[in-house]
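J.: Show me the folded form of this:
(2 chains)
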Amino acid sequence: MVVAIIKYNAGNIYSVDYALKRLGISSVVTAEPEVLQKADKVIFPGVGEARTTMSYLKDTKLDLLIKDLRQPVLGICLGMQLMCKRSEEGKTECLNIFDVDVKRFIPQKHEDKVPHMGWNTLSNVAEGLFTKEQEGQFVYFVHSYYVPVNNYTAATTEYTLLFSAALQKDNYYATQFHPEKSGAVGEKILANFLRL
Amino acid sequence: MLAKRIIPCLDIKDETTVKGVNFVNFRNAGDPVELGAQYSREGADELVYLDITASHEGRKTFTELVRKVAACISIPFTVGGGINEIKDVDRLLNAGADKVSINSAALRNPQLVEEIAKNFGSQVCVVAIDANYENNNWICYLNGGRIPTHTYLYDWAAEVENLGAGEILFTSMTHDGVKTGYANEALAALANQLHIPVIASGGAGEKEHFRDAFTLGKADAALAASVFHFGEIGITDLKQYLLKEGVNVRI
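T.: I've put the predicted structure just below:
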């Protein structure tokens, strides 16, 4: 199985590569269109800012490529947000794979800190990326923007409100949390994705 | 609900060993990667690796270590020690660290906090503050608690929050090593003042101290070293205890 990780100007791309290696899977980190198109699985990771990242994707034509992929694709964190319609971060037009907008967390009380950072639980997990085993389990989040609950929501988490911890639609899957940093639970979720 | 975090801190000296570890039944206690992996298996939520050798050669080896930790461990980790400029941050994040912790360098050059936040995002920028309680004030110290400054804890914390720090790691020098509990009053004051997470450090000796840091001190995370390294408190045990005491932790 060839797993390709999209290489672009985002931080910490290699942590996904490391996580796959721990599962015994080697991956290629690449921006080569042919390699990405032919891969069995594609992972679109991301730590960074929406506007600069999106304009980089447009400049390199990776935006069109990602939208045309037919194999299972997993977006992670910023990767997931960029797969949505538009983001409040820098008022950015995104890939519109998921027809839903990305919003900034608004603290409801003093204790609500933004970013939402740390371990939080999954609920309402959907078959596909998840099995029932992940219901109620903790995964690691770091983000200031969120995707509201919508038709594509594949898991939810609560922080100031209930939001989408994961999305899925056709061959596209996405997690707001970092499976590559979520210990044994995260490794299970990555393994679930690799089985799709 | 967002869980409170337990963070073991590993001081790396002689480039590859952990300072002050004394496990009776753990053969590779001195190996920072092995020890981090063990803590991760026991339920640690994050790890902190501090480079306490400041030599140029040591720094290179430390970067290698960061790469190994990133490859082997599946939870987030912060690195600190010897970070003076943006290119140190770039090097460590590229090696796979999730966050960097800066201390003296920030006090000497507060703009560094802003630069890190702008270049890499606030979430990677942990500002560590060592402060001692003297003459009714919390005074910040430089160089691992060796040089006093004229800066007060609460002022400095507010300033770095404004500059874009993502978290404050507050070590009470007054409580550090005494094992009578964290500086809960100061922690609570920081929590009430700030809008970013506060990590409690210095003073852990009993499980109750962790509970108090979360309840009385309103801390978001509690860091400790020797109680874990000497096997006095097991992380699994500690988390079971905290859960029973009504503190939301990840099991």
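J.: Please list the residues of the stretch 101-250 of chain B that sit near chain A.
T.: Within the stretch 101-250 of chain B, the positions adjacent to chain A are B:120-124, B:166-167, B:192, B:195-197, B:218, B:220-221, B:250 by CB under 8 Å from any CB of the partner chain. C-beta coordinates here come from the backbone N, C-alpha and C atoms, glycine included.
J.: Recalculate using a threshold of 6 Å.
T.: Applying CB under 6 Å from any CB of the partner chain, we find that the stretch 101-250 of chain B lies next to chain A at B:123, B:195-197, B:250.
J.: Quick one: residues contacting B:Val227.
T.: B:204, B:233 (CB atoms under 6 Å, 6 or more residues apart in numbering or on different chains).
J.: Let me know whether my guess that it is in a strand holds.
T.: No - with DSSP: H, G, I helix; E, B strand; the rest coil as the criterion, B:Val227 is helix rather than part of a strand.
J.: For it, give its distance to B:His150.
T.: Distance, B:Val227 to B:His150, by CB to CB, to the nearest Å: 33 Å.
J.: max-length helix in chain A?
T.: Assignment by DSSP state H gives helix A:183-195 as the longest helix of chain A.
J.: swap that for chain B, please
T.: helix B:56-72.
J.: burial of whatever residue of the stretch 101-250 of chain B ends up closest to chain A, as a residue count?
T.: Going by CB to the nearest CB, chain A is nearest to B:Arg250 of the stretch 101-250 of chain B, at 4.2 Å. Per other CB atoms under 10 Å in any protein chain shown, the neighbour tally for B:Arg250 reads 24.
J.: Now do the same for it: its pLDDT.
T.: Listed pLDDT for B:Arg250 reads 98.
J.: where in the chain is pLDDT low?
T.: If you meant another chain, say so; for now it's chain A. Applying pLDDT under 70 to chain A picks out residues A:11-12.
J.: my bad, the chain I had in mind was chain B
T.: Counting by pLDDT under 70, chain B has low-confidence residues at B:15-16, B:19-29, B:54-55.
J.: Please repeat the previous calculation with a cut-off of 50.
T.: For chain B, applying pLDDT under 50 flags the ranges B:24-25.
J.: could you pull out the helices for it?
T.: B:32-42, B:56-72, B:86-94, B:104-108, B:111-120, B:153-163, B:184-193, B:207-215, B:226-229, B:235-244.
J.: can you list those helices in JSON lines and add distance to A:Asn150?
T.: What follows is those, written out as JSON lines (distance: least, CB to CB, whole Å):
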{"stretch": "helix B:32-42", "distance to A:Asn150": "34"}
{"stretch": "helix B:56-72", "distance to A:Asn150": "34"}
{"stretch": "helix B:86-94", "distance to A:Asn150": "33"}
{"stretch": "helix B:104-108", "distance to A:Asn150": "41"}
{"stretch": "helix B:111-120", "distance to A:Asn150": "30"}
{"stretch": "helix B:153-163", "distance to A:Asn150": "33"}
{"stretch": "helix B:184-193", "distance to A:Asn150": "34"}
{"stretch": "helix B:207-215", "distance to A:Asn150": "34"}
{"stretch": "helix B:226-229", "distance to A:Asn150": "42"}
{"stretch": "helix B:235-244", "distance to A:Asn150": "33"}
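J.: Quick one: list the elements packing against the helix or strand in which A:Ser164 is found.
T.: In this assignment (DSSP states H and E), A:Ser164 forms part of strand A:161-169. Counting contacts by 3 or more CB pairs under 6 Å, 6 or more residues apart in numbering or on different chains; DSSP states H and E, strand A:161-169 packs against strand A:153-159.
J.: re earlier: which positions within the longest helix of chain A qualify as buried?
T.: Residues of helix A:183-195 classed as buried: A:183, A:185-190, A:192-194 (neighbour count, 16 or more other CB atoms under 10 Å in any protein chain shown).
J.: does B:Ile7 have beta-bridge partners, and which?
T.: B:Ile7 has these beta-bridge partners by DSSP bridges: B:Leu223.
J.: Wait, it touches B:Ala219, no?
T.: No - checked against CB atoms under 6 Å, the pair B:Ile7 and B:Ala219 is beyond contact range at 10.6 Å.
J.: between the two, which one's more packed in?
T.: B:Ala219 (28 against 24).
J.: show me what contacts the residue lying closest to that one once chain neighbours are set aside?
T.: The shortest distance from B:Ala219 to any non-neighbouring residue, by CB to CB, 6 or more residues apart in numbering or on different chains, is to B:Ala200 (4.0 Å). Taking CB under 6 Å, 6+ apart, we find B:Ala200 in contact with B:182, B:187, B:213, B:217, B:219, B:222.
J.: Tell me how far the residue nearest the centre of chain A lies from B:Ile129.
T.: With distances taken as CA atoms, centre = their mean, A:Ile76 lies nearest the centre of chain A, 2.0 Å away. A:Ile76 is 32 Å from B:Ile129, where distance means CB to CB.
J.: now do A:Glu93
T.: Look at A:Glu93 and B:Ile129: by CB to CB, they are 41 Å apart.
J.: Name the residues of stretch B:131-142 that are buried.
T.: Neighbour-count burial for stretch B:131-142 flags B:131-133, B:138-142 (criterion: 16+ other CB under 10 Å).
J.: First-to-last residue distance for that stretch?
T.: With CA to CA, to the nearest Å as the measure, stretch B:131-142 spans 9 Å from end to end.
J.: before we move on, what about stretch B:41-53?
T.: 27 Å.
J.: what residues does chain A put near chain B?
T.: When proximity is defined by CB under 6 Å from any CB, chain A lies next to chain B at A:15, A:18, A:113, A:115, A:118-120, A:138, A:142, A:181, A:183.
J.: got CSV for those, with secondary structure and distance to A:Pro107 too?
T.: Below are the residues of chain A next to chain B laid out as CSV (DSSP: H, G, I helix; E, B strand; the rest coil; distance: CB to CB, whole Å):
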residue, secondary structure, distance to A:Pro107
A:Ser15, helix, 28
A:Tyr18, helix, 33
A:Lys113, coil, 7
A:Pro115, coil, 11
A:Gly118, strand, 15
A:Trp119, strand, 19
A:Asn120, strand, 16
A:Phe138, strand, 22
A:Val142, strand, 16
A:Lys181, helix, 24
A:Gly183, helix, 28
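J.: Tell me who's in contact with B:Leu223.
T.: Taking CB under 6 Å, 6+ apart, one finds B:7, B:9, B:199, B:201 in contact with B:Leu223.
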